[in-house]
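Engineer: Mind folding the following:
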Amino acid sequence: MSPSTPSSSTKERKKYNELLNSVKLTERISDIEIEEKLKKLRRLIVLYGIPTSTPNLRPLVWKLLLKVHDLDSHQYLKLVSKGRSSVADKIRNDASRTLKSDVEFQRIVGESKLIRLLDAFAWRTEEKSDGESLYVQGMNVLAAPFLYVQPTELEAFNCFSRFIELTCPLYVLPTLEGVHRGLRLVDKCLQIVDNKLYSHLRRHNLTAEIYAFPCLCRFPLTNTSDKFTAVLTLSACTPPLDQVLCLWDFLLAFGPHMNVLCVIAQVLLMRDDLLSSSSPMKLLRMFPPLDAQPIISIAVTLVRDIPEDVYDDLVRHCFDPRQDY
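Structural biologist: Predicted coordinates:
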């Protein structure tokens, strides 16, 4: 993925428009045809990213990748009308801290939209379960990019709901099962791709549980277990926001499991400094600002170095409760 010049950006927009005009999530196109179009869309994303010069392109691409096409406004309004959920206090506490330093996010989204969406989602999960609302710290930051990117709250809610429920449900369990799996896979995959760096960190008693996700999280954590919630954010609270969105273009295209390799990519970008340091944790506390392009390039390269069985574990760790790591 390389930076776009004005002329190349025009060509990229044309490629996207040609493809998107041929993709309609309706009965007139078969599931096989849709999947073929989505493969081409994913290829465009990994090669060029999503051009930002066309404002409505990213929202449309995200909806297509998540296969969000049925927007039930009546259902959302019904959920919103229920008001405060049983986890309202937690939601409000977290919402007040979400991307607080990002002026543009606060201008476009703000606190009230985020609270309303999360309360509605809590009511939705309560209706689907045995009366128990689903909410863990970190979901506030996961919802933030959808509210920022999508033109309406309804579209953001549907994208967020589908993303949570279908692609990474184990990440938001009260036990944070998917989070713990992800942490173990960071260690496992780092050992495979760079045993020298892995061994150096281990000699300093550093595992992914200690360093990987806390250093990605840039909001204050409220208790000792909260360090694990940073994996939920998929780097969404690591500034700057424009780079977060570029990284999310990639993660939505190829799956949230790729965040494990993106975390490793960020560590590898610090490799020389880490290996020469007698206190690598000091460096890991100060993760540099997010730069999506090199992170994605490294993550894609790492895929071919991961054994097939480990990669299968990587793919499934977000959603498959039958897997054991």
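Engineer: For C237, which three-state class applies?
Structural biologist: coil (DSSP: H, G, I helix; E, B strand; the rest coil).
Engineer: what's the pLDDT at it?
Structural biologist: pLDDT, C237: 70.
Engineer: spatially speaking, which residue is in the middle of this structure?
Structural biologist: Centre of the chain computed as the mean C-alpha position; nearest residue by Cα atoms, centre = their mean is L234, 3.6 Å away.
Engineer: residues touching that one, list them.
Structural biologist: Residues near L234 by Cβ atoms under 8 Å, 6 or more residues apart in numbering: L142, L247, W248, L251, P256, N259. The way it works is simple: take the backbone N, C-alpha and C, and place the C-beta from them, glycine included.
Engineer: Tell me which two of the residues you listed sit farthest apart.
Structural biologist: Largest separation among the contacts of L234 by Cβ to Cβ: L142 and L247, giving 13.2 Å.
Engineer: rewinding a little: ok, of the contacts of L234, which one's closest to L197?
Structural biologist: Set against L197, the nearest of the contacts of L234 by Cβ to Cβ is N259 (18.9 Å).
Engineer: ok, that closest one - contacts?
Structural biologist: Taking Cβ under 8 Å, 6+ apart as the test, what N259 contacts is G182, V231, L234, S235, L251.
Engineer: Model confidence at L176, what's the number?
Structural biologist: For L176, the model assigns a pLDDT of 83.
Engineer: Give me the distance between it and D187.
Structural biologist: The gap separating L176 from D187 is 16 Å, by Cβ to Cβ, to the nearest Å.
Engineer: who's more crowded, those two?
Structural biologist: The residue with more neighbours, out of L176 and D187 and counting by other Cβ atoms under 10 Å, is L176; that gives 21 against 18.
Engineer: In PyMOL, how would I select the buried members of the contacts of L234?
Structural biologist: A single PyMOL command suffices to select whichever of these are buried according to 16 or more other Cβ atoms under 10 Å:
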select buried, resi 142+247+248+251+256+259
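Engineer: Where does the prediction get shaky in the stretch 201-325 of the chain?
Structural biologist: The stretch 201-325 of the chain contains residues with pLDDT under 70 at 213-232, 323-325.
Engineer: Could you do the stretch 1-150 of the chain as well?
Structural biologist: 1-8, 23-29, 131.
Engineer: 50 instead?
Structural biologist: Low-confidence segments of the stretch 1-150 of the chain (pLDDT under 50): 2-6.
Engineer: can you map out the helices along it?
Structural biologist: Ranges of helices in the stretch 1-150 of the chain, per DSSP state H, counting those that start in this stretch, are 6-21, 31-48, 57-66, 73-81, 88-95, 103-108, 110-128, 139-149.
Engineer: Buried deepest among these, which one?
Structural biologist: Here the criterion is mean neighbour count by mean count of other Cβ atoms under 10 Å, and of the helices of the stretch 1-150 of the chain the winner is helix 139-149, at a mean of 25.
Engineer: Can you give the distance of that one from its chain's centre?
Structural biologist: Distance, stretch centre to chain centre, for helix 139-149: 9 Å (Cα atoms, centre = their mean, to the nearest Å).
Engineer: and the helix or strand just after it, which residues are buried?
Structural biologist: Using DSSP states H and E, the helix or strand that follows helix 139-149 in sequence is helix 153-162. Neighbour counts over helix 153-162 (16+ other Cβ under 10 Å) mark E153, L154, E155, A156, F157, N158, C159, F160, S161 as buried.
Engineer: Does the fifth one touch Y76 like I think?
Structural biologist: This points to F157. Yes: in this structure, F157 is within contact of Y76 by Cβ atoms under 8 Å, at 5.6 Å.
Engineer: In JSON lines: the contacts of L234, plus distance to V46 and secondary structure.
Structural biologist: Shown next, in JSON lines, are those (distance: Cβ to Cβ, whole Å; DSSP: H, G, I helix; E, B strand; the rest coil):
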{"residue": "L142", "distance to V46": "22", "secondary structure": "helix"}
{"residue": "L247", "distance to V46": "12", "secondary structure": "helix"}
{"residue": "W248", "distance to V46": "13", "secondary structure": "helix"}
{"residue": "L251", "distance to V46": "11", "secondary structure": "helix"}
{"residue": "P256", "distance to V46": "16", "secondary structure": "coil"}
{"residue": "N259", "distance to V46": "15", "secondary structure": "helix"}
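Engineer: Looking at the contacts of L234, which is nearest T54?
Structural biologist: T54 lies nearest to W248 out of the contacts of L234, by Cβ to Cβ, at 17.2 Å.
Engineer: For the nearest residue to that closest one once chain neighbours are set aside, which residues are in contact?
Structural biologist: Here the nearest residue to W248 in space, its sequence neighbours aside, is P145; by Cβ to Cβ, 6 or more residues apart in numbering that works out to 5.6 Å. Applying Cβ under 8 Å, 6+ apart to P145 gives the contacts A236, L241, V244, L245, W248.
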